[in-house]
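Peer 1: prediction below, plus the sequence it came from.
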Amino acid sequence: MYRSFDLRRWVTIADGYEERRHLHPIHELPKAPMLLGYPNLFASRSLRVASNGLNEMLADADVVVVREPWQLPYILDHVKPDAPVVYSSHNVETERFADIDQPLFADRVRKRVAALERRAVEETDATICTGERDANVYQDRYDPGGPIIVAPNGAYEDDLREHRPGSQDARQVRRKYDITQDATVSLFMGSNYRPNVEAANMVVEIARDFHGRDDGFHFLVLGDVGNALDDRELPPNVTTTGYVEEDFEAHFDAADIGLNPMLSGGGTNIKQIEYFARSLPVISTPFGVRGIEVRDGDNILVAGVEAMPDAIEKLARSADLREKIGENGQLLAAERYTWEASSRTVRTQFRELFGPF
């Protein structure tokens, strides 16, 4: 927003949905440690210095939903007594930040994260999480102050579609990166986030396994995660794209297989569902499909990193198997994993818990 000089404070997103942006340097400066992988631990304190009308909004709210635990102390201290507060969790934060790499204050950070997460789960009127696994962690670890609503991550319904590997856009993407039209392309996508970087390095090792013994396989790393890889050490059968916007959808069609070799992280894995939505057949580690109800061999292939080369070759040999797994994955996403379905779940639960509003 700052780069584009879009400093609007009120933005209409849709009919009945307005976004109020809180722009203040006091909120930006304490975020600096996030560039080193730390959580935004100072969000609540910065709100105490500059709340910019937030208190008036809290006074008018029927329900307050707070994403992540960092600003919850301020909200709990300032919300009106009869307004329910809901904690919207995207990850189990104590797991996400359990292995902070930075040498400074790591123990203190972990303790602070644990304290904030405990308060978020125990002192709110309900908790939203993205999967049954996270819900079970909260039940076992804390004493929730209210019910736990499971609303899975998803794809948008408009993104559900057939895979189009023969499209002109798909062919153009292959030409753009000098990938032969008959190569089997495996796609990994992600932001520059430590668990994604870890998985991208696994993709590079898998590609290195293929390099030199079979030149019919190529590996495409889509998104900012590629910026964390050293181009000088990548084998020739790996292409990194960096951030992509204009022909983003065509990259899915240019690929034959979606890879999800995740080994760490929290919440459910959105990239997995994004692959499903585009009918792209997926190979994932067991960790990568946590919280998603998949059927190995039917709508996905589940394999450890060491077994992924064999799984890639298996899919490469059979167009019918790729089509079957891709179609079944798309059906699974349509039935269970869309943002619209999760939103309906949350709204229904809110009405039952807090009455009409």
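Peer 2: Right, received. Where do you want to start?
Peer 1: mind splitting the protein into its structural domains?
Peer 2: Domain assignment for the chain by automatic domain parsing gives 10-153+340-354, 157-337.
Peer 1: by mean pLDDT, show me the worst of these.
Peer 2: Within the domains of the chain, confidence is poorest for domain 10-153+340-354, with a mean of 90 (mean pLDDT).
Peer 1: which residue ranges form the helices in the stretch 251-357 of the chain?
Peer 2: 270-277, 308-317, 319-336, 339-354 (DSSP state H, counting those that start in this stretch).
Peer 1: and the third one, what other elements does it pack with?
Peer 2: If contacts are counted by 3 or more C-beta pairs under 8 Å, 6 or more residues apart in numbering; DSSP states H and E, helix 319-336 sits against helix 270-277, helix 308-317. The C-beta positions use only the backbone N, C-alpha and C, and glycine is treated the same way.
Peer 1: how about 7 Å then?
Peer 2: Counting contacts by 3 or more C-beta pairs under 7 Å, 6 or more residues apart in numbering; DSSP states H and E, helix 319-336 packs against helix 270-277.
Peer 1: what packs against the helix it packs on?
Peer 2: Short answer (3+ C-beta pairs under 7 Å, 6+ apart): helix 270-277 packs on strand 257-260, strand 282-284, helix 319-336.
Peer 1: can you give me phi and psi for the nearest residue to Gly226 once chain neighbours are set aside?
Peer 2: Among residues not flanking Gly226 along the chain, Thr240 sits closest, at 3.0 Å (C-beta to C-beta, 6 or more residues apart in numbering). Taking degrees, to the nearest 10, you get phi -110, psi 140 for the backbone angles of Thr240.
Peer 1: show the contacting residues for Thr240.
Peer 2: Counting by C-beta atoms under 7 Å, 6 or more residues apart in numbering, Thr240 makes contact with 221, 226, 229, 231.
Peer 1: and the last one, what does it touch?
Peer 2: If I follow you right, that is Asp231. Thr240.
Peer 1: state the distance from it to Val221.
Peer 2: Computed as C-beta to C-beta, to the nearest Å, the Asp231 to Val221 distance reads 11 Å.
Peer 1: how near is Glu246 to Arg20?
Peer 2: Look at Glu246 and Arg20: by C-beta to C-beta, they are 30 Å apart.
Peer 1: okay, these two: which has more neighbours?
Peer 2: More crowded of Glu246 and Arg20, by other C-beta atoms under 10 Å: Arg20, with 12 against 6.
Peer 1: phi and psi next, for the closest residue to that one other than its chain neighbours.
Peer 2: The shortest distance from Arg20 to any non-neighbouring residue, by C-beta to C-beta, 6+ apart, is to Trp10 (5.7 Å). When read as degrees, to the nearest 10, the backbone of Trp10 gives phi -120, psi 130.
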